[in-house]
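**Student:** Sequence and predicted structure, then a few things I'm wondering about:
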Amino acid sequence: MTDLRELYQEVIFDHNRHPRNAGPLPDANRSAEGFNPLCGDRLKLYLKVEDGIIKDIRFEGAGCAISTASASLMTESLKGKTEAQAETLFKEFHTLLTEKAHAPASFPDKLRVLQNVREFPARVKCATLCWHTLYAALANNSQPVSTE
């Protein structure tokens, strides 16, 4: 178990140091902003959705290691997915972190690295900020998202 936990930590550190899909998306047709007042994480999420499919997704902002890694892993997991698949993944991820449930077999392995965050309740909001922001962007909600 310790080896697996160390591997998970290394993946989180890597995605924090070298976030994937970071930066603006000039041709985005959906966007949303999120804020975690507890630790100051700020995120802007951009999506390019065509025919119900997330063709591209990027983010920018400033946040802690967990927040940045979660956004990086989320964007990798969602490219090419339908809006419905993204909403399902949001619900599964949120349940995994807030209800200490097991992820379904179809849940992406790369997102499982964040499941240990649930052992630190104050950090769950860091990991879920990007997901709540995604949900707002999919709904075309222009109000900033807050984890409070």
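**Tutor:** Perfect, thanks for sending it. All figures in this text were calculated on a predicted structure; none of them were measured in a lab.
**Student:** how about the strands in the chain?
**Tutor:** 30-36, 41-50, 53-62, 145-146 (DSSP state E).
**Student:** what's the closest of those to Glu6?
**Tutor:** Nearest to Glu6 among the strands of the chain is strand 41-50; the distance by C-beta to C-beta comes to 24.5 Å. All C-beta spots, glycine's among them, are computed from the backbone N, C-alpha and C.
**Student:** How far does that closest one sit from its chain's centre?
**Tutor:** 10 Å (C-alpha atoms, centre = their mean, to the nearest Å).
**Student:** For it, enumerate the helices and strands it packs against.
**Tutor:** The elements that strand 41-50 packs onto, with contact taken as 3 or more C-beta pairs under 8 Å, 6 or more residues apart in numbering; DSSP states H and E, are strand 30-36, strand 53-62, helix 65-78, helix 121-138.
**Student:** From Ser67, how far out is the spatially closest residue to Ala122 that is not a sequence neighbour?
**Tutor:** Nearest-residue entry for Ala122: Leu38, 6.6 Å, with adjacent residues in sequence omitted and distances by C-beta to C-beta, 6 or more residues apart in numbering. Distance, Leu38 to Ser67, by C-beta to C-beta, to the nearest Å: 11 Å.
**Student:** Settle it for me: which of the two has more neighbours?
**Tutor:** Ser67 (28 against 15; other C-beta atoms under 10 Å).
**Student:** That one against Asn36, yeah?
**Tutor:** Yes. Between Ser67 and Asn36 there is a contact at 6.9 Å, judged by C-beta atoms under 8 Å.
**Student:** what touches both of the two?
**Tutor:** Common neighbours of Ser67 and Asn36, using C-beta atoms under 8 Å, 6 or more residues apart in numbering, are Cys126, Leu129.
**Student:** pLDDT weak spots in this structure?
**Tutor:** Counting by pLDDT under 70, the ranges of the chain that qualify are 1-5, 7.
**Student:** got the helices and strands packed on strand 41-50 as a markdown table, with distance to His15 columns?
**Tutor:** Output for the helices and strands packed on strand 41-50, formatted as a markdown table (distance: least, C-beta to C-beta, whole Å):
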| stretch | distance to His15 |
| --- | --- |
| strand 30-36 | 17 |
| strand 53-62 | 12 |
| helix 65-78 | 4 |
| helix 121-138 | 12 |
